[in-house]
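Chemist: Need coordinates for the following:
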Amino acid sequence: MDNNIDQSSAPLQRSSSISSSTSSSSYRDFAFDLLNKAVVKGNKVVESKPGSKRAFAINTASSLFEKGVEKYSASSSNPRHGRNGSIELTDEQISHIESMADSADAEKRPKSNHFADKLIEKLLKSMLPPDIPEREVFEKRLNDPERNKRPGLSITILTSNVKQLAGKMTEFFALQYEVLNIIAWKQPSKTISALVLYTAVCVWPHLVLAYPLLFILFGILIPGYVYRHPMRNPQLVKVKKRGQSLFGFLFDTPETSIVEDLINDDYLREDAEVASSTYSISDEMSETAISASQVTTSEQDSTAENGGKQERAKHRKSQMALLINLRDFQNLTTDVLQAVNQGEKFYYETAGFKDERLSTFIFYGVLIATFALLFVGRFVPWRLIFIQAGWVGAILCHPKCKQFIVESHKARKVNAAVQKVKEADSVPEIVIDEIDRALQQFDRNDIIVDDNPEVRIVEIYELQIKSILKQSWSFYRYSTTIYDKNNKARIAGKRPSGVDHLSKVYPPNDWKFDFGLVNKWNLDTEPEKFLRDRSLNQSLFIIKKEEKDGWIYDNMEDVVHSDIIYEFRRRRLYRECYRYGRPPKQPSNY
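Modeler: Predicted structure coming up:
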């Protein structure tokens, strides 16, 4: 009896669960339809107002919605569960599972449908006009198959890469500080060695290829072998320094190099901090190593304690190196940005003809230098010049040369001030102004960059309209199109693009009208020649010989009046516009 009751109640429970799942799926489908309608409506708004802030916001929201729709579609297409809880798979899904790799690392499929890529693609279509060349560049980069094989944009991966890069740049920053120390004569022996190597490269240029091989041999391979198979190093007894070195009188000076004055103080401060932190950590490591070497077999507890100290010292060293590298990495990016800004300043201002006289002077100088190098360069002793330039530059960076450079700079300033006072005492002030004015006039006439402006003709059409039932013409608008019977806007019943007054007609970008003739438009009184030169269909127009105003009428022959109610006539107006030079290029600000 109980079994019968249980069996009869089971279908009722199953039917109630089916009805609840059906209602939930219907609500889900209803929300899904609303979401699709919202996305379609948003895309229409974007198409109607491209490039606006509203279009940017709608693009971002629609990308999020589309991502949710894709996830919902993927979840709705998942296999359903059977009666006993098992998953019912199709033959296609089973064959796909069999063809999959054994592990995730065996075959990594690229994610070409990343959210960031989709968002960038939608922004590219809505924000950038289709006629600019930058759009093609962005589309090429976005659709690059090699780029699509790489992972998409991820803040987690980006942060992890920056952290790992900062932790692995210790050797790079050590090399940076070492180069600065060599240039500033902090270690004279290394500076002289670098000068000798530089001289050898200038004399025998093939050493440029030999130096990297020597570094690989003696800097990487041999130390690696010695580390694996350590040699027996004799224990040398340290002795104190006695007397003065052979060339100590050349290097012992309280002065600093002029390079240290040119370099930012942050570098020198960080260099000292790096040295002090490295020294303290190495001391702790050496003390730990010494204490560990003195351990006997009976002191196992002290051995474990020293091992813990050694591990803590290593951990502290790695954390300290990471912090120092992060700060150096930050300053390195700052220096890179400053260098990029200086390069942009040269590219967009100095070499971009913002100051046309200076840019023209640089152009002639570079042109003359190029021809001189091409035709006279083989007769110049370049080796001797480079050797002398390298040694002279290094000697000028020596600390003892700093005082001579500073004194010569001060003497030059004093001589300039004395000369100015003498000129003020001997020449009246009015004469000085005349001399300065003459010098400025000569300076301006040194290089003439006053080119003639570029002249072009711009045209516009004055349209007038008349009903077929009337005889009087009325003004319609000024337009850039001739608005004939085959015009698409006219066939669709739309007004042509244009303005209602000539004062609202502006020249093209970077062009200007003559300021003395604001609304001086010329009338084209030869409409036949205009139609012939433009290869227009003359059967669409009628030109009345008795009129001298240049009107071109619509040809209303063989036209059903029910189709065309209005007749148009137009005449061509033109004037000159000038371009004296486009504004200089500006760097892009991201």
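Chemist: only C-alpha atoms for contact and neighbour calcs from this point on.
Modeler: Fine.
Chemist: Might you report the residue contacts of Gly390?
Modeler: Leu195, Tyr198 (CA atoms under 8 Å, 6 or more residues apart in numbering).
Chemist: Where does it sit, in terms of helix or strand?
Modeler: helix 382-396 (DSSP states H and E).
Chemist: For that helix, buried residues please.
Modeler: Phe386, Ile387, Trp391, Ala394, Ile395, Leu396 (16 or more other CA atoms under 10 Å).
Chemist: mean confidence score for that helix?
Modeler: For helix 382-396, the mean per-residue pLDDT is 92.
Chemist: go on, stretch 359-369?
Modeler: On average, stretch 359-369 scores 89.
Chemist: and what of stretch 347-356?
Modeler: 86.
Chemist: I'd like to check what contacts that stretch. Which residues are they?
Modeler: Counting by CA under 8 Å, 6+ apart, residues outside stretch 347-356 touching it are Phe346, Leu358, Ser359, Thr360, Ile362, Val449, Pro583, Pro584, Lys585, Gln586, Pro587.
Chemist: Doesn't Ile465 belong to a strand?
Modeler: Yes: counting by DSSP: H, G, I helix; E, B strand; the rest coil, Ile465 is part of a strand.
Chemist: From one end of stretch 529-546 to the other, what's the distance?
Modeler: End-to-end distance of stretch 529-546 (CA to CA, to the nearest Å): 16 Å.
Chemist: Let's see the host helix or strand of Tyr225 as CSV, backbone CA atoms only.
Modeler: Using DSSP H and E, Tyr225 falls within helix 222-228. This file holds the C-alpha atoms of helix 222-228, laid out as CSV (Å, rounded to 0.1, in the frame of the first residue of the first chain):
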residue,chain,number,x,y,z
ILE,A,222,84.3,29.4,-17.5
PRO,A,223,82.6,30.8,-14.3
GLY,A,224,79.8,28.2,-14.8
TYR,A,225,82.3,25.4,-15.0
VAL,A,226,84.3,26.7,-11.9
TYR,A,227,81.0,26.9,-10.0
ARG,A,228,80.2,23.2,-10.8
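Chemist: Which strands or helices does it pack on?
Modeler: Here helix 222-228 touches no other helix or strand, going by 3 or more CA pairs under 8 Å, 6 or more residues apart in numbering; DSSP states H and E.
Chemist: quick one: buried residues of whichever strand or helix holds Tyr364?
Modeler: For Tyr364, the host element (DSSP H and E) is helix 356-376. For helix 356-376, the neighbour count (16+ other CA under 10 Å) marks Glu356, Arg357, Ser359, Thr360 as buried.
Chemist: What pLDDT is listed against Met127?
Modeler: On the pLDDT scale, Met127 gets 60.
Chemist: Hmm, Ile491 is touching Asp484, no?
Modeler: No: between Ile491 and Asp484 there is no contact under CA atoms under 8 Å: 9.5 Å.
Chemist: neighbour count winner among these two?
Modeler: Asp484 (21 against 13; other CA atoms under 10 Å).
Chemist: Now do Ile552 against Asp500, distance only.
Modeler: From Ile552 to Asp500 the distance is 20 Å (CA to CA).
Chemist: of these two, who's got more company?
Modeler: Ile552 (23 against 13).
Chemist: Now the more buried one, what are its backbone angles?
Modeler: phi -120, psi 120 (degrees, to the nearest 10).
Chemist: Now do the contacts for it.
Modeler: Per CA under 8 Å, 6+ apart, neighbours of Ile552: Pro527, Phe541, Ile542, Ile543, Lys544, Arg569, Arg570, Arg571.
Chemist: Low-confidence bits of the stretch 151-300 of the chain, can you list those?
Modeler: Applying pLDDT under 70 to the stretch 151-300 of the chain flags residues 153, 243-254, 262-300.
Chemist: just checking, what packs against the helix or strand hosting Ile460?
Modeler: Assigned by DSSP H and E, Ile460 falls within strand 454-467. Secondary-structure packing of strand 454-467 (3+ CA pairs under 8 Å, 6+ apart): strand 474-479, strand 566-579.
Chemist: Can you say which of these is nearest to Leu217?
Modeler: strand 566-579 (63.6 Å; CA to CA).
Chemist: Counting by contacts, list what the closest one packs against.
Modeler: strand 454-467, strand 512-513, strand 522-523, strand 552-554.
Chemist: Just send the ones you listed back as a markdown table, with mean pLDDT and distance to Ala321 too.
Modeler: Formatted as a markdown table, the helices and strands packed on strand 566-579 follow (pLDDT from 0 to 100; distance: least, CA to CA, whole Å):
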| stretch | mean pLDDT | distance to Ala321 |
| --- | --- | --- |
| strand 454-467 | 92 | 62 |
| strand 512-513 | 87 | 61 |
| strand 522-523 | 92 | 76 |
| strand 552-554 | 92 | 83 |
